[in-house]
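S.K.: Mind folding the following:
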Amino acid sequence: MKKLLFLCFIFLSLNTHALDSNKLINLDDLKILFDLQKNDWNENVLFLIKKNSFSKVDNDSDVFYLKSIFNDGEIITMPIFSKDIVEKIKFEYIFFDDNNENLKIINNHFNLFNNFCFEYLDNDKSIQVVISKCN
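M.R.: Presented below is the predicted three-dimensional model:
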């Protein structure tokens, strides 16, 4: 239950912008996401989709994806599990506007996290960040 409430605080905000740098996930939140097991993640998503700012994204997996809806975009959080352990987390930032600074803001933010590795995939309307532990 503690993790559920924590996840709620991570993602809840109806009036924020998707790329407000102080609203991007922080290192402590990221560590908690990596500690979740598959069942815990799916239960948390089912709880959060009851809020207006969240929805579940359908996919061909037994893992639910969480879409956080903001004023100027959406963020889809997609954990990738190996058995029951989070191996990677993929965030897809989808923007309703064309801001050339988005990749720079995301890159600068995530490069501050030690012990995590990041891959960035950029296209016209979204930026995908794939995060894994670099132990």
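S.K.: hey, where'd the strands end up in this structure?
M.R.: Listed in chain order, the strands of the chain (DSSP state E) span 54-57, 65-69, 73-82, 85-95, 116-122, 126-133.
S.K.: right, and the ones you listed - which one's nearest N44?
M.R.: strand 65-69 (8.1 Å; C-beta to C-beta). C-beta here means a position set from N, CA and C on the backbone, and glycine is covered the same way.
S.K.: can you state the direction angle for the closest one and strand 73-82?
M.R.: 160 degrees (axes from the mean of the first three to the mean of the last three C-alpha atoms, to 10 degrees).
S.K.: Check the average confidence over strand 65-69, would you?
M.R.: Summarised as a single mean, pLDDT over strand 65-69 is 85.
S.K.: Next: stretch 82-91.
M.R.: 91.
S.K.: try stretch 47-59
M.R.: On average, the pLDDT along stretch 47-59 is 71.
S.K.: same question, stretch 24-32
M.R.: Rounded mean pLDDT across stretch 24-32 is 85.
S.K.: what's the spacing between that stretch and its chain's center?
M.R.: On the basis of C-alpha atoms, centre = their mean, to the nearest Å, stretch 24-32 sits 9 Å off its chain's mean C-alpha point.
S.K.: Quick check: the residue lying closest to I131 once chain neighbours are set aside vs N71, distance?
M.R.: Nearest non-adjacent residue to I131, counting by C-beta to C-beta, 6 or more residues apart in numbering: I89, 4.9 Å away. Distance of I89 to N71, given as C-beta to C-beta, to the nearest Å: 24 Å.
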